[in-house]
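K.L.:
compute the structure for the input listed below.
(one chain, ligands or ions: 2)
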Amino acid sequence: MRKELSDKLDAEAPLTPADLRELLLLKEEADLQSLYEAAYRIKVKYVGKRVNLRGLIEFSNLCTKNCYYCGIRRDNTHVKRYRMTLEEILREARWADEIKLGSVVLQSGERSDAEFADFVESAVKGIKEISGGALGITLSCGEQNEETYRRWFNAGAHRYLLRIETSNPEFYRRLHPADHSYEQRKNCLALLKKAGFMTGSGVMIGVPGQTVDDLVSDLLFFRDQDLDMVGMGPYIVHDDTPLAKQFPDFAAHKEDQLVLALKMIAVTRLFLKDVNIASTTALQALREDGRETGLLAGGNVIMPNITETRYRDSYQLYRGKPGLKDAPENGMTALKKMIESIGETIAFGEWGDSPHFRNKSR
Ligand code: 5AD
Ligand code: SF4
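P.N.:
Ligands and ions are numbered 1, 2, ... in the order given. You can find the predicted model right below:
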């Protein structure tokens, strides 16, 4: 790494788009280590040596959309569709509360019918009720209208994740059918913030056709959107999708995909400093220690899957999703061990809001 650039990182000087680009293009092992270490220092300084957990409940894989990269897209007829009942969701949330996860994420495929809006609203209310308000609730249920977002917020959800997938509108159009709209997705982020949500977004990293300049523009997008949370992960092929054809030798590139994703996490930390950044399960799909590596590269949030084991097979956005057969308890034990092994502590029983949101609201 050029001395001027590493000095800039040490001094926490503002990074220009050219700097971001240069960091994303680093290749030498020693440079990558310096990059991760610099990002880790910033993480420790701004969010501490602590990992926040969110218990992930994948409550339905019904989806009305048809994104070209995703395994549960509407046209994939190989998927067994399911939706959990309210009781099943509450059972998992109760367990999350008992083991002091502090917060849960309700994630699903996208639907925009009235029944769905009602269902999510009652699930949010139910979780608040059974936990006596203790559990923080994040929603990740796609694009909705303003009223639905408001209702869900008023029911007690306070964070929302909606990935932009790519900040390049032209590239977005190549990854989605004609009736999926970049502008609408972006507008939803505005509606979420207006409704009061702590808002998270993110992109897929290493998608065929994506350039390093796209990633730089993604970083600028995160900043300009004033995001509180960033959730990003490597693109991973799912063979039942149209995009898979564009990456036929994916298996030979797993390590490259992992490294690119880690670099993006590190550069996001260096650039945005006080936001929550997820170390996503997709990292672990590429390498067993992917999630810990993500923490050491600047991530501070892990979303352990607490979905009942029997549904996990049917919620594969990409191939090779880890923990398909694990019981939630076993996954948690392994996770605790892993986090302790890298010298970090789990922030049990906390909502774990991003310092960025707190700093803003003052
Ligand atoms: N590889 C990696 N991430 C994917 N997602 C969907 N399909 C894939 C894939 N093949 C991500 C999208 C979506 C999130 C829920 O999962 O970014 O927003
Ligand atoms: Fe549906 Fe989300 Fe998959 Fe797109 S990425 S097909 S909206 S679940």
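K.L.:
only C-alpha atoms from now on, for both contacts and neighbour counts.
P.N.:
Fine.
K.L.:
so the residue of the stretch 251-362 of the chain found nearest ligand 2 is in which element?
P.N.:
Nearest to ligand 2 in the stretch 251-362 of the chain, going by C-alpha to the nearest ligand atom, is Leu317, at a distance of 6.3 Å. According to DSSP states H and E, Leu317 maps onto no helix or strand at all.
K.L.:
show me which residues of this structure sit near ligand 2.
P.N.:
Contact residues (C-alpha under 6 Å from any ligand atom) of the chain with ligand 2: 63, 65-67, 70, 72-73, 109-110.
K.L.:
out of the residues you listed, who's the most crowded?
P.N.:
Counting neighbours by other C-alpha atoms under 10 Å, Ile72 leads the residues of the chain next to ligand 2 with 28 neighbours.
K.L.:
per-residue confidence at it?
P.N.:
Per-residue pLDDT puts Ile72 at 97.
K.L.:
was I right about it contacting Thr64?
P.N.:
No. With contact defined as C-alpha atoms under 8 Å, Ile72 does not reach Thr64; the gap is 9.7 Å.
K.L.:
about what we covered before: now the residue of the stretch 251-362 of the chain closest to ligand 2: how far from Gln210?
P.N.:
Distance of Leu317 to Gln210, computed by C-alpha to C-alpha, to the nearest Å: 19 Å.
K.L.:
between those two, who's got more neighbours?
P.N.:
Neighbour count, other C-alpha under 10 Å: between Leu317 and Gln210, Leu317 has more, with 20 against 14.
K.L.:
pretty sure that one sits against Cys70.
P.N.:
Yes. Under the criterion of C-alpha under 8 Å, Leu317 makes contact with Cys70 at 5.0 Å.
K.L.:
give me the common contacts of the two.
P.N.:
His238 (C-alpha atoms under 8 Å, 6 or more residues apart in numbering).
K.L.:
can you pull the contacts of Ala39?
P.N.:
With C-alpha under 8 Å, 6+ apart as the criterion, the residues that contact Ala39 are 266-267, 269-270, 297-298.
K.L.:
what's the weakest-modelled helix or strand in this protein?
P.N.:
helix 355-361 (a mean of 81; mean pLDDT, DSSP states H and E).
K.L.:
list the buried residues in that one.
P.N.:
If you call a residue buried by 16 or more other C-alpha atoms under 10 Å, then helix 355-361 has these buried ones: 355-357.
K.L.:
now stretch 12-30
P.N.:
Those would be 15, 19-21, 23-24, for stretch 12-30 by 16+ other C-alpha under 10 Å.
K.L.:
burial measure for the residue nearest to Lys325 when sequence neighbours are not counted, as a count.
P.N.:
Leaving aside its chain neighbours, Lys325 sits nearest to Thr309 (6.2 Å; criterion: C-alpha to C-alpha, 6 or more residues apart in numbering). By other C-alpha under 10 Å, 14 other residues sit near Thr309.
K.L.:
ditto for Ile342
P.N.:
Around Ile342 there are 13 residues (other C-alpha under 10 Å).
K.L.:
which residue sits closest to it, ignoring its sequence neighbours?
P.N.:
Glu292 is the one closest to Ile342 (C-alpha to C-alpha, 6+ apart), at 7.5 Å.
K.L.:
close enough to count as contact, the one you found and Ser341?
P.N.:
No. Counting by C-alpha under 8 Å, Glu292 does not reach Ser341; the two are 9.2 Å apart.
K.L.:
residue contacts, the residue of the stretch 251-362 of the chain closest to ligand 2?
P.N.:
70-72, 238.
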